[in-house]
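Engineer: Turn this into a model:
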Amino acid sequence: MNDKQLRQAVIDELDFEPSLDSADVGVLAEDGVITLTGHVPTYYQKLSAERAAWRVKGVKAIAQNIEVRFASDTSDEEIAKRALGVLKWSSTVPSDIHLTVNKGWITLEGKVDWQYQRTGAESALRSLRGVTGISNNIVIKPTVQVPVVQQRIEDALRRSADVEAKQIRIAVKNGDTVTLDGKVDTWSERVAVERAVWSTPGVKDVIDHLVIT
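Structural biologist: Numbers count the residues shown, from 1 in each chain. This is a model prediction of the structure:
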């Protein structure tokens, strides 16, 4: 697929995505790298555009330059109150997570035991009205030793139907940082690998060097 065909395929996928109004989203393609420009009314739609672009075969990287423009007089104080209320009623988010809001941009901080708790806090806030972006500074507490982490990750990859585990190389540093190297066929396979890694307790950071072939 050449750049022109890839660009059109991404545009078609953006138009097909029901959660996104893509009328003001621009697409550029060069050597498999997609640049998304323009503006959308919510942060959730910005993320939807990126996810839709990744679904297109042949996309190797994305430069996300979409701006969130919302017609609202919602104050940072109001956004903060709503965000705290959402986190309070979420069964996956620990109570000691705290946040700040600056011009609609939410910054999350705190410590959790699992990656799903870290991502759950962010996911719960993505669709809030007035949010322009989220910085997730929540950290994961290291809980296990290097050999245990590596073995659990390798076992998880072997169990996954979406991953060819033989092509993936894993390195664990300090018991909490995982480096991935190797090749995958699609973006969804790459996501499956990361999901298996993040599902391992104690993993604090993932350095993804996987290449989509």
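Engineer: Need the pLDDT of residue 4.
Structural biologist: The score at residue 4 is 94. That number is its pLDDT.
Engineer: List the contacts of it.
Structural biologist: residue 29 (Cβ atoms under 8 Å, 6 or more residues apart in numbering). Glycine gets a C-beta too; all of them are placed from N, C-alpha and C.
Engineer: all strands of this structure, in order?
Structural biologist: Per DSSP state E, the chain carries strands over the ranges 25-30, 33-40, 61-64, 67-68, 98-102, 105-109, 111-112, 133-136, 139-140, 168-173, 177-184, 205-208, 211-212.
Engineer: And the contacts of the last one?
Structural biologist: Translated: strand 211-212. Contacts of strand 211-212 (Cβ under 8 Å, 6+ apart): 60, 182, 183, 184, 185, 186, 187, 190.
Engineer: just to revisit the earlier point, let me have the strands of the chain in TSV, adding mean neighbour count as columns.
Structural biologist: TSV is the format used below for those (neighbours: other Cβ atoms under 10 Å):
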stretch	mean neighbour count
strand 25-30	17
strand 33-40	18
strand 61-64	13
strand 67-68	15
strand 98-102	16
strand 105-109	18
strand 111-112	16
strand 133-136	16
strand 139-140	16
strand 168-173	16
strand 177-184	18
strand 205-208	13
strand 211-212	14
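Engineer: ranking those by mean pLDDT, which is last?
Structural biologist: strand 168-173 has the lowest average pLDDT among the strands of the chain, namely a mean of 82.
Engineer: How far does it sit from its chain's centre?
Structural biologist: 21 Å (Cα atoms, centre = their mean, to the nearest Å).
Engineer: could we number from 32 for the rest of this?
Structural biologist: Renumbered: residue one is now 32, and that last one reads strand 199-204.
Engineer: That one to strand 208-215, inter-axis angle?
Structural biologist: Put simply, strand 199-204 runs at 170 degrees to strand 208-215, going by axes from the mean of the first three to the mean of the last three Cα atoms, to 10 degrees.
Engineer: Which elements pack onto strand 199-204?
Structural biologist: If contacts are counted by 3 or more Cβ pairs under 8 Å, 6 or more residues apart in numbering; DSSP states H and E, strand 199-204 sits against helix 177-190, strand 208-215.
Engineer: These: which one's closest to residue 99?
Structural biologist: strand 208-215 (30.5 Å; Cβ to Cβ).
Engineer: Tell me which residues are up against the closest one.
Structural biologist: So strand 208-215 is contacted by 180, 184, 194-195, 198-204, 221, 224-225, 228, 231, 234-244 (Cβ under 8 Å, 6+ apart).
Engineer: what do you get if the cut-off is 10 Å, keeping everything else the same?
Structural biologist: 173, 177, 180-181, 184, 188, 193-204, 220-225, 227-229, 231, 233-244 (Cβ atoms under 10 Å, 6 or more residues apart in numbering).
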